[in-house]
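A.B. asks: can't give you the sequence, but here's the structure:
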């Protein structure tokens, strides 16, 4: 047997072991062999997820200095801080796949990697803070809970912690809205207005309809994804409609009704043209979001350089002292 | 391992009373659980004013540090600065609540934070300095946390049980704030020529306002006599020692500066501030003041 043939056989064996790991719902770990396509898909997805946490700090960050009570300010600040922490776990998970955080950041600010489109919408009133918690974090949780069982170990473990914190955030958002709905007439109007603006973008967070989602099947076969976009969207609507009723807001969809036979809510299609426009960079805040991140990154380069220079000098002094 | 049941948990519609609320968000009274008895013979006007001084210092610096969120040079520092801002906000909430309850006019922490105007704020002017420059932020944080830690270390034995309790908690927090600022001062000072210059320039902005920290306001002196407050004139030696030590490590020669004077002898503790404070308050208070009928 030639060396080349032996190599091919080894790779086949590795491939079989990988397939069997995924099939038996076990975890693939960083040092295990994995197909290149699996690795690339994970890097893309985890980086996109990490970027979403970091860019997602901006719409809420817009209200940090104006939060209307000290308690709400503390809650919002803690939440935005958690999101930076989520970004850090996720970049670390991506680094286990052989990429570097600094490269991923460069790709984000050069617009070569994406983040969740929802953060390209503006946060215009403080009611948006509540609605982002309730709907956006709610949709994120529905997307992310199955990822706690993702076949890639470091990603799955990061998601467990993230999901727990996200569920606090969702409850805090909902509690803010309940409080506002019991407040002034203006506050009730603000809540309804925010719901009207965020409802459809929230439904778009699950991605295009199944027929228009080419990567779903492969991701499901690899155990990265557990449900289709449409299944998750349905789950989110079923979960959210009763919450909207308790809150006393109207969801902006005249096609919304309960189908007793299916035991699910029927709802209308989001405007997928708008979804694709935002994805292509023409949402209300795409440029603003990336520019802010870029300005922070580039404006802070002298600080990172100083830290690196100091560390190098310290190491040099350490060597000289020996 | 299945987490699918989390869907059901999330779909619950009555969050009230749920034990899984994030820490720090489920209570409304920042002083809950603290003995709020007034020490015998204390002048409540003085005590309220003193709580406002220390509370406003924390509130305004917290607001400035919060401006860094989404603008910092590295995620780890974004988390650290937000964390420091949160600690200070927590201290401000407790101190403002204490001020409100002691003065007995029915003002809570939010009435004091959002419905006082500029001349009613009692913070030192140092914390009002604009942010946006990491060298200045580190200089301001090092100076304010060194001063505050020296004060808090003495305030833990205050005869006011509330100030003592607040100080006991805050000492741990501000120890970290000072360490964070000192570490960055050393990195910037020792790092590159450019970063050393930015640090020096930051100190050139901050040092002119340092003397105000040690002036010793009449309120402080009266309360210090009965063991309630700390006389800030006593803190200077410790402060100078710490700053000199950090400057040495940071290879920084502290710049010679002209002091920022007072207005007819009045400064931040008397409600006479820099021009920066008005803008900071206009932003911070805008929403709270826009709808007085609102509940948050």
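C.D. replies: Received it, and whenever you're ready, just let me know what you need. Source: prediction; values computed, not measured. Residues are numbered from 1 along each chain as shown, chains lettered A, B, ... in the order given.

A.B. asks: what's the residue of chain A found nearest chain B in contact with, if anything?
C.D. replies: Closest residue of chain A to chain B, Cβ to the nearest Cβ: residue A:300 (2.2 Å). C-beta here means a position set from N, CA and C on the backbone, and glycine is covered the same way. Counting by Cβ atoms under 8 Å, 6 or more residues apart in numbering or on different chains, residue A:300 makes contact with B:72, B:73, B:74, B:134.

A.B. asks: So which of these is surrounded by the most neighbours?
C.D. replies: Neighbour counts for these peak at residue B:134, which has 25 neighbours (criterion: other Cβ atoms under 10 Å in any protein chain shown).

A.B. asks: ok, the residue of chain A closest to chain B to residue B:163 distance?
C.D. replies: Distance of residue A:300 to residue B:163, computed by Cβ to Cβ, to the nearest Å: 38 Å.

A.B. asks: Just give me the neighbour total for residue 296.
C.D. replies: Using chain A. When neighbours are defined as other Cβ under 10 Å, residue A:296 has 19 of them.

A.B. asks: should've been chain B
C.D. replies: Residue B:296: 20 surrounding residues under other Cβ under 10 Å.

A.B. asks: Closest one of the contacts of residue A:300 to chain A?
C.D. replies: residue B:73 (2.2 Å).

A.B. asks: give me phi/psi at the residue nearest to the closest one when sequence neighbours are not counted?
C.D. replies: Taking Cβ to Cβ, 6 or more residues apart in numbering or on different chains as the measure, residue B:73 lies nearest to residue A:300, with 2.2 Å between them; neighbours along the chain are not counted. Per-residue torsions, residue A:300: phi -100, psi 10 (degrees, to the nearest 10).

A.B. asks: What does the pLDDT read for residue A:300?
C.D. replies: Residue A:300 is assigned 96 on the pLDDT scale.

A.B. asks: likewise residue B:27?
C.D. replies: Note on residue B:27: pLDDT of 51.

A.B. asks: Ok, residue B:9 next?
C.D. replies: In this prediction, residue B:9 carries a pLDDT score of 42.

A.B. asks: Could you do residue B:15 as well?
C.D. replies: With respect to pLDDT, residue B:15 scores 43.

A.B. asks: mind checking how far residue A:207 is from residue A:278?
C.D. replies: Going from residue A:207 to residue A:278 by Cβ to Cβ gives 13 Å.

A.B. asks: How about residue B:257?
C.D. replies: Distance of residue B:257 to residue A:278, computed by Cβ to Cβ: 50 Å.

A.B. asks: the more surrounded of the two?
C.D. replies: Between residue B:257 and residue A:278, counting by other Cβ under 10 Å, residue A:278 is the more crowded of the two (20 against 14).

A.B. asks: Return the residues of the stretch 1-150 of chain A in contact with chain B.
C.D. replies: The stretch 1-150 of chain A has residues A:54, A:57-58, A:61, A:64-75, A:77-78, A:80-81, A:84-85, A:87-88, A:91, A:126, A:138, A:141-142, A:145-146, A:148-149 near chain B, with proximity defined as Cβ under 8 Å from any Cβ of the partner chain.

A.B. asks: before we move on, what about the stretch 201-322 of chain A?
C.D. replies: With Cβ under 8 Å from any Cβ as the criterion, the stretch 201-322 of chain A comes near chain B at residues A:235, A:239, A:242-243, A:246, A:292, A:295-297, A:299-310, A:313.

A.B. asks: Filter these down to the buried ones, ChimeraX style.
C.D. replies: Burial among these is assessed by 16 or more other Cβ atoms under 10 Å in any protein chain shown; the matching ChimeraX selection reads:
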select /A:235,239,243,292,296,297,300,302,303,304,306,307,309,310
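
A.B. asks: right, and the pair among the contacts of residue A:300 with maximum separation?
C.D. replies: B:74 and B:134 (10.4 Å; Cβ to Cβ).

A.B. asks: which residues do the two both contact?
C.D. replies: Going by Cβ under 8 Å, 6+ apart, residues that sit against residue B:74 and also against residue B:134 are A:300, A:303.

A.B. asks: hang on, the earlier thing: so which of the contacts of residue A:300 are in helices?
C.D. replies: Counting by DSSP state H, the contacts of residue A:300 place residue B:134 in helices.

A.B. asks: Can you list the buried residues in stretch A:17-30?
C.D. replies: With burial defined by 16+ other Cβ under 10 Å, the residues of stretch A:17-30 counted as buried are A:18, A:21, A:22, A:27, A:28.

A.B. asks: now swap in stretch B:288-296 and tell me
C.D. replies: In terms of neighbour count (16+ other Cβ under 10 Å), stretch B:288-296 has its buried residues at B:288, B:291, B:294, B:296.

A.B. asks: what ranges do the strands span in the stretch 51-200 of chain B?
C.D. replies: Applying DSSP state E, counting those that start in this stretch to the stretch 51-200 of chain B gives no strands.

A.B. asks: how near is the closest residue to residue B:62 other than its chain neighbours to chain A?
C.D. replies: Spatial nearest neighbour of residue B:62, excluding adjacent residues (Cβ to Cβ, 6+ apart): residue B:88 at 3.8 Å. When distance is defined by Cβ to the nearest Cβ, to the nearest Å, residue B:88 is 10 Å away from chain A.

A.B. asks: Residue B:88 touches residue B:66, doesn't it?
C.D. replies: No. Using Cβ atoms under 8 Å as the test, residue B:88 is too far from residue B:66 to be in contact (9.4 Å).

A.B. asks: Pick out whichever of the two has more residues nearby.
C.D. replies: Between residue B:88 and residue B:66, counted using other Cβ under 10 Å, the more crowded position is residue B:88 (29 against 25).

A.B. asks: still on that earlier bit, of the buried residues of stretch B:288-296, which ones also sit close to chain A?
C.D. replies: Among the buried residues of stretch B:288-296, the ones lying near chain A by Cβ under 8 Å from any Cβ are B:288, B:291, B:294, B:296.

A.B. asks: Mind picking the two most distant members of these?
C.D. replies: Greatest spatial distance among these (Cβ to Cβ): B:291 and B:296, at 9.7 Å.

A.B. asks: Surely residue B:294 and residue A:68 touch.
C.D. replies: Yes. Contact between residue B:294 and residue A:68 holds when scored by Cβ under 8 Å: they sit 7.1 Å apart.

A.B. asks: For the residue nearest to the spatial centre of chain B, give me its contacts.
C.D. replies: Centroid check for chain B by Cα atoms, centre = their mean gives residue B:58 as the closest residue, at 1.6 Å. Contacts for residue B:58 (Cβ under 8 Å, 6+ apart) come out as B:88, B:89, B:91, B:92, B:95.

A.B. asks: can you rerun that using 6 Å?
C.D. replies: Contacts for residue B:58 (Cβ atoms under 6 Å, 6 or more residues apart in numbering or on different chains) come out as B:88, B:91, B:92.

A.B. asks: Distance-wise, check it relative to residue A:92.
C.D. replies: Distance of residue B:58 to residue A:92, given as Cβ to Cβ: 33 Å.

A.B. asks: Over to residue A:248?
C.D. replies: Between residue A:248 and residue A:92 the computed distance is 42 Å (Cβ to Cβ).

A.B. asks: Please apply the same query to residue B:79.
C.D. replies: From residue B:79 over to residue A:92 the distance is 13 Å, taken as Cβ to Cβ.

A.B. asks: same question, residue B:186
C.D. replies: Residue B:186 is 26 Å from residue A:92, where distance means Cβ to Cβ.

A.B. asks: Settle it for me: which of these two has more neighbours?
C.D. replies: Per other Cβ under 10 Å, whichever of residue B:186 and residue A:92 has more neighbours is residue B:186, with 21 against 14.

A.B. asks: Quick check, the more buried one in contact with residue B:248.
C.D. replies: No. Counting by Cβ atoms under 6 Å, residue B:186 stays clear of residue B:248, with 9.6 Å between them.
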